[in-house]
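> Predicted model follows, preceded by the sequence.
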Amino acid sequence: MLPTQPTLCEGRDADAQIAGENRETSEVATYRRLRDPVHDLIEFEDTAFGRAAWSLIETPAFQRLRRVKQLGFSDFVYPGATHSRFAHSVGVFHTARRLGLVLELKKAAEFEPERAETAYFAALLHDLGHGPFSHAFEGALGEIDRHEKWTEEIIRSQDVSAILEGYRAGLTEDVARIFKSETLPDIYSSIVSSQFDADRLDYMRRDRLMAGTEGSRIDITWLLSNLEVCTLEVGGDDPSSFASVDTFVLGPKAGWTGEAYVVGLFHLYPTIYLHKATRGAEKLFGRMLRRVRDLVKGGTPEATGLPNNHPLIAYLNERTLGTYLGLDDATIWGAISLLAQAGDPSVKEDAIRLRDRRLLKAIDVRFELSDGRLYPGDEVAQRQLAFQRSLSDRIKADPSLVNRILIDRYERDPYKRKGYESPRAIERIHVLSKGHPVDLATMSPVVAALKPLQIFRVYVAPEDHGARELVTSLVQEASK
Amino acid sequence: MKMQGEAVHEIVALAGGRLIGKTRLQKAGYLLELSGLGYGFDFAYHHYGPYSEELAWAAKDATIDGLVVEKEEPARWGGTYSVFRTDAETPSGDVDKMRADLLAKISRANAVALELAATAALLHEEGVADWWGETARRKPMKATPELLSEAKRFWGDLVKLQVPSKLPDLVS
């Protein structure tokens, strides 16, 4: 007998449901159209809603997303992965509306169009706060997840807010609240924050398509046509629950699809997002950015090679929304030839390396310490810790090593059964089995067996033989 | 400063040898820092309020080292939660006694109320004027009137403790 949760689920039999693009098309005229490599035709209908959405796309803050790549440096590895956050954001909007159609079917007379529209607008605007090279930029400047606050501020800014308020009074606050708060306890917020939210459903498909990888394909049609709505208990990192939340679950015929979805999402990490060359470029960029920041802070911005009115200098001098919006990938790439002529040798070297793709060399410490399996055993964790401690001692003795040996440590749990480590109220996936939602990890031994992926790599300059030899010797020492 | 894994080991030992939840460990680490009893971890606002990536890694390192044992237990709501344990002897200096008093209250607190209180404290530190209101806005599902009251009661109790850096009065 499978363990289930006492619950309330809504909806008709899965076979009777048709979601998204297969649904009968409306007779409302089209106002604007876009072609998209993932979704094909994306239409904005000639309604107040469609016009408002299009007006938001036309704001400078949204247009800026054309100049922010979705995957930062991934095109160093996958040349096709140059897609922008603009394309992704429009794709998320489109996907959100498809999820909304699922809800409309499930909720029938109880469907609340106004709340759904709030979620659609939030989906469209969710990435407004991303800066150049997103996470690498934030990490280097010690501003982890700062883009979420910028998103909220941009939504409240005059340009965006005027359109939202023009559509419906109070909409700015309703949309901003979605970014400010943890998951809201209603099903409409599942469109923007759940295991099957529009963001994830778009980036999974877009990133694999643009990167050109053949793995990680998900069956989106079957997934959407088998979504159900259930009320589930949620808890934190604690034995007891604190609330109930309406969320999407999979119908009984989508267990395999759910399993493939979890494994597919996970595989994007080692293959694309955590690729050693991409992470190495991010580390290099981070080192350059930190040095530029220190020079600006130290009162010698001219040593960066950039003019004083360059947007990056302006931002580092004064971190305001105005200066932040002046930054994007193009600002940085446009400055790379100037940075490559910097008076400061470190900035100069890193800029040349990035410009010419002469990256640092990765040493995969975990792999070197292991017997070569994809998931090394616990003995590697102990060796890795021994390596870290030895390296830390060496860095204390020779502080120059901090910038010569760049460390990359990351862990990704493919399937979280815990009630934390995520902004989503529920990270687990449930599948309806005999009328009750069952955790996918209970139904699928494949999902249950998934282990966290850990990386521990260091990066050194190819010509820095001293640093490389040190790492090699520490690896050998830790392996004993 | 102690090795970071050792700091986690000490926190768990001073909490009575058992601490429920990674989020509780994070909030404990933050409140120790705020009280002037900390181990030098840096905290910033993350999904669940005050969070230190250094502390999260330190907890992993402490388990690898065998200083603490982390076990995932099934929760009544269907997911899992972590329990940290150690059999080590409790350190007994003056500072350790103050840490133990603080950790005893943290260990007994309702997990959500603790998260709400620690979040309000962080927001207060960041200069947010309406720290409870802002906490409620950020955590609408958790900040029920009952749990907010419990968080305030918990904080009122906490500020009575003798600590090197007096905790801010967030409730009067």
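It's in. Model, not experiment: these values are computed from the prediction. Residues are numbered from 1 along each chain as shown, chains lettered A, B, ... in the order given.

> Can you list the residue ranges for strands in the chain?
I'll assume chain A. Along chain A, counting by DSSP state E, strands occupy A:8-10, A:30-36, A:40-45, A:227-235, A:241-250, A:361-364, A:406-412, A:430-433, A:436-439, A:453-460.

> try chain B instead
B:18-20, B:44-46, B:49-51, B:69-74, B:80-85.

> what about the stretch 151-300 of chain A, any weak spots by pLDDT?
A:183-185 (pLDDT under 70).

> So in chain B, where's the weakest helix or strand by average pLDDT?
strand B:44-46 (a mean of 87; mean pLDDT, DSSP states H and E).

> Burial check on the nearest residue to A:Val263 once chain neighbours are set aside, number of neighbours?
Closest residue in space to A:Val263, ignoring its immediate chain neighbours: A:Val446 at 6.8 Å, by C-beta to C-beta, 6 or more residues apart in numbering or on different chains. (C-beta placed from N, C-alpha, C; glycine too.) Residues lying near A:Val446 (other C-beta atoms under 10 Å in any protein chain shown) number 15.

> And A:Val446, how close does it get to chain B?
18 Å (C-beta to the nearest C-beta, to the nearest Å).

> how about the strands of chain A, which one is nearest B:Tyr45?
B:Tyr45 sits nearest to strand A:241-250 of all the strands of chain A, at 19.8 Å, using C-beta to C-beta.

> Make TSV out of the strands of chain A and add mean neighbour count and distance to chain B.
Below are the strands of chain A laid out as TSV (neighbours: other C-beta atoms under 10 Å in any protein chain shown; distance: least, C-beta to the nearest C-beta, whole Å):
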stretch	mean neighbour count	distance to chain B
strand A:8-10	15	15
strand A:30-36	13	31
strand A:40-45	16	31
strand A:227-235	22	4
strand A:241-250	23	4
strand A:361-364	18	19
strand A:406-412	16	7
strand A:430-433	23	8
strand A:436-439	22	6
strand A:453-460	21	9
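
> For residue 148, the count of nearby residues, please.
Went with chain A since none was named. 17.

> should've been chain B
When neighbours are counted by other C-beta under 10 Å, B:Leu148 comes out with 21.

> just A:Lys297 next, same as before
11.

> That one and A:Ile313 touch, don't they?
No. At 11.1 Å, A:Lys297 does not count as touching A:Ile313 under the criterion of C-beta atoms under 8 Å.

> hang on, the earlier thing: list the buried residues for the least confident helix or strand of chain B?
Buried residues in strand B:44-46, counted by 16 or more other C-beta atoms under 10 Å in any protein chain shown: B:44-46.

> can you redo those as TSV with distance to A:Thr47?
Putting those into TSV (distance: C-beta to C-beta, whole Å) gives the following:
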residue	distance to A:Thr47
B:Ala44	42
B:Tyr45	38
B:His46	39
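
> Those: which ones sit near chain A?
Contacts with chain A are made by B:44, B:46 out of the buried residues of strand B:44-46, judged by C-beta under 8 Å from any C-beta of the partner chain.

> quick check, nearest of the buried residues of strand B:44-46 to A:Asp207?
For the buried residues of strand B:44-46, the nearest to A:Asp207 is B:His46 (24.3 Å; C-beta to C-beta).

> circling back: what's the most buried one of the strands of chain B?
strand B:49-51 (a mean of 26; mean count of other C-beta atoms under 10 Å in any protein chain shown).

> elements contacting that strand?
helix B:22-34, strand B:44-46, helix B:111-125 (3 or more C-beta pairs under 8 Å, 6 or more residues apart in numbering or on different chains; DSSP states H and E).

> Return the member of those having the minimum mean pLDDT.
Sorting the helices and strands packed on strand B:49-51 by mean pLDDT places strand B:44-46 lowest, at a mean of 87.

> For that one, name the packing helices and strands.
Using 3+ C-beta pairs under 8 Å, 6+ apart, strand B:44-46 sits against strand B:49-51, helix B:111-125.

> ok now the first one, how far from the chain's centre?
Spelled out, it's strand B:49-51. In this view, strand B:49-51 has its centroid 9 Å away from the chain centroid, taken as C-alpha atoms, centre = their mean, to the nearest Å.

> Quick one: residues in contact with it.
B:26-27, B:30, B:43-45, B:115-116, B:118-119, B:121-122 (C-beta atoms under 8 Å, 6 or more residues apart in numbering or on different chains).

> Also stretch A:44-54?
In contact with stretch A:44-54 (C-beta under 8 Å, 6+ apart) are residues A:26, A:28-34, A:43, A:93, A:117, A:120-121, A:124, A:163-164, A:166-167.

> The same query, at a cut-off of 7 Å, please.
Contact with stretch A:44-54 is made by A:26, A:28-32, A:93, A:117, A:124, A:163, A:166-167, as judged by C-beta atoms under 7 Å, 6 or more residues apart in numbering or on different chains.

> And for stretch A:173-193?
A:96, A:99-100, A:103, A:115-116, A:118-119, A:121-123, A:125-126, A:148, A:151-152, A:155-156, A:164, A:197-199, A:229, A:243, A:245-248, A:423-425, B:47, B:137-141.

> Dump the helices and strands packed on strand B:44-46 into TSV; add distance to A:Glu138 as well.
Listed next are the helices and strands packed on strand B:44-46 as TSV, based on distance: least, C-beta to C-beta, whole Å:
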stretch	distance to A:Glu138
strand B:49-51	15
helix B:111-125	19
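
> Which of the ones you listed sits closest to A:Gly142?
strand B:49-51 (13.6 Å).

> tell me the mean pLDDT over that closest one?
92.

> if I look at A:Leu101, how far off is A:Phe121?
16 Å (C-beta to C-beta, to the nearest Å).

> What of B:Glu73?
Taking C-beta to C-beta, one finds B:Glu73 at 40 Å from A:Phe121.

> Same question for A:Ala467.
50 Å.

> one step back: from the contacts of stretch A:44-54, pick the one nearest chain B.
A:Glu117 (19.4 Å; C-beta to the nearest C-beta).

> OK, contacts around that closest one?
Counting by C-beta under 7 Å, 6+ apart, A:Glu117 has contacts A:Phe49.

> Repeat that for the one 3 residues further on.
Neighbour list for A:Tyr120: A:93, A:96-97, A:100 [criterion: C-beta under 7 Å, 6+ apart].

> So A:Leu101 and A:Phe121 - more neighbours on which side?
A:Phe121 (28 against 18).

> A:Leu34 versus that one, what's the distance?
Relative to A:Leu34, and taking C-beta to C-beta, A:Phe121 is found at 17 Å.

> again with A:Ile42
5 Å.

> Need the residues touching each of those two.
Here A:Ile42 and A:Leu34 share the contacting residues A:Val90, scored by C-beta under 7 Å, 6+ apart.

> What residues does chain B have near chain A?
Within chain B, the positions lying close to chain A (C-beta under 7 Å from any C-beta of the partner chain) are B:20-24, B:44, B:46-48, B:61, B:64-65, B:75-82, B:111-112, B:115, B:137-142.
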